[in-house]
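*Asks:* sequence and predicted structure, then a few things I'm wondering about:
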Amino acid sequence: MRLHFIGVGKMGLPMALHLRAGGADLSVSDNDSTRRALAAEQGLSVASDTALVLQQADGVFSSLPHDAALLKVAEQVATHARSGSFWVDTSTVSLTASAQAAQICTGVGIECVRTTVSGNNKMAEAAQLTVLASGPRTTYDRVLPLLQRWGPNQFYLGDAEQARLMKLVINLMIAQTSAMLGEALTLGRKGGLDWHDMWRVMGASAVASPIVKAKSAQLSERDFSATFTVNQMVKDLDLILGAASENQVPLPQTALTRQLMDAARAHGDADADYAAIIKATERSAGLPT
C-alpha cells in the first residue's frame, strides 16, 4: 500500500515510522525543514512534490497542530488525491473544523477517518497509543490494520466527529488531574509533608491512576520538562471550552484550570510540561518553586 504522511512532528514522526515498519510504501512531508531532515535521518522518504505523491497514494495520513493547518491540508488532499483513496487525520482540532475538512474531501470521493490518539510522544515511539476513530465504518475497517501499528487499543466511536469529541473529553480529565494535583500537593507541602513522601504514598493509594503513575517519576524530582506543554494544553482547553459552549455544557472547573494555565504562562512556564500548573498553585500559596 502506498501512503503519504503529512506532518512529522513529535507525534507524527513515530507514527509514520510504525507505518513504514509495517511494510507500507511511505513518503512524508512537513513545512518545517528541521522535521524533514529528522525524518530523512530516520530513513523516511521525504517528498519533494507533495501534489505528485498525493496523486499516487492509496491513502493519506496527517498529524497537524491546529484548525487552520487541518483545513489547508483538506484542500490539498481534495485537490490532488485520487477519488477512492482515504484520509486519516490524527489531529486534536475543533469539531467544526473537522466536519468542514471532511466535507471538503468527501465531496470529491475521498473518505475521511478521524483518528485522534491518546498518549504522548514517548507512548507514540513505543507504539502504546490508544486510537479513537470515527468516520465511515467501511473505511475504518479498511485502515484498522494500519492503526493497530500505533498501539494495543482501537475504538470505533461513530460515523462523524465522535473521535474528536472523545479526545477532548479525555484531555479535559488530564488537565483537571493536573489541577487536582496542584491543590493536593500544595496543601501537603504547605502543611509540612515531604514532596517525595507524597508521591510515594499517592502511587500506592486509591488515587494512583495511570496518569498519576506516569507523572510520578518525573514530578517527584520536580522535573517539569515537557512531554506536553502548557501552551499545548491551553490550546486543547480552548477547544474543550468551545465544544462545551456549542453544546451548552457549563464547565466551571475546566474554565478555572484554563486560567491557572495562564498563570503558569505568566511565570515563564509556557513551554514547560502542563504539570507546571502545580507551580502556579504553589505560588498562590506563597511557596517557593
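*Replies:* Noted; the coordinates are in hand.
*Asks:* from here on, contacts and neighbour counts on C-alpha atoms
*Replies:* Noted.
*Asks:* name the residues of the longest helix seen in the chain that are buried.
*Replies:* Criterion DSSP state H: the longest helix present in the chain is helix 162-190. Neighbour-count burial for helix 162-190, counted by 16 or more other CA atoms under 10 Å, picks out 162-168, 171-172, 174-183, 185-186.
*Asks:* then stretch 135-153?
*Replies:* Residues Gly135, Pro136, Thr139, Tyr140, Val143, Leu144, Leu146, Leu147, Gln148, Arg149, Trp150, Gly151 are the ones in stretch 135-153 that count as buried (16+ other CA under 10 Å).
*Asks:* please apply the same query to stretch 242-252.
*Replies:* Buried residues in stretch 242-252, counted by 16+ other CA under 10 Å: Gly242, Ala243.
*Asks:* can you get me the start-to-end distance on it?
*Replies:* End-to-end distance of stretch 242-252 (CA to CA, to the nearest Å): 13 Å.
*Asks:* and Asp238, how far is that from Leu251?
*Replies:* Taking CA to CA, one finds Asp238 at 12 Å from Leu251.
*Asks:* go on, Leu157?
*Replies:* 23 Å.
*Asks:* what is the burial count for Gly107?
*Replies:* By other CA atoms under 10 Å, the residues close to Gly107 number 11.
*Asks:* for it, grab phi and psi.
*Replies:* Note on Gly107: backbone dihedrals following degrees, to the nearest 10 are phi -60, psi -20.
*Asks:* I'd like the distance between it and Leu129.
*Replies:* 31 Å.
*Asks:* over to Thr186?
*Replies:* Using CA to CA, we find Thr186 at a distance of 31 Å from Leu129.
*Asks:* check which helix or strand covers Leu256.
*Replies:* Element membership of Leu256, judged by DSSP states H and E, is helix 252-266.
*Asks:* which strands or helices does that helix pack on?
*Replies:* Applying 3 or more CA pairs under 8 Å, 6 or more residues apart in numbering; DSSP states H and E, one finds that helix 252-266 contacts helix 162-190, helix 230-246, helix 277-284.
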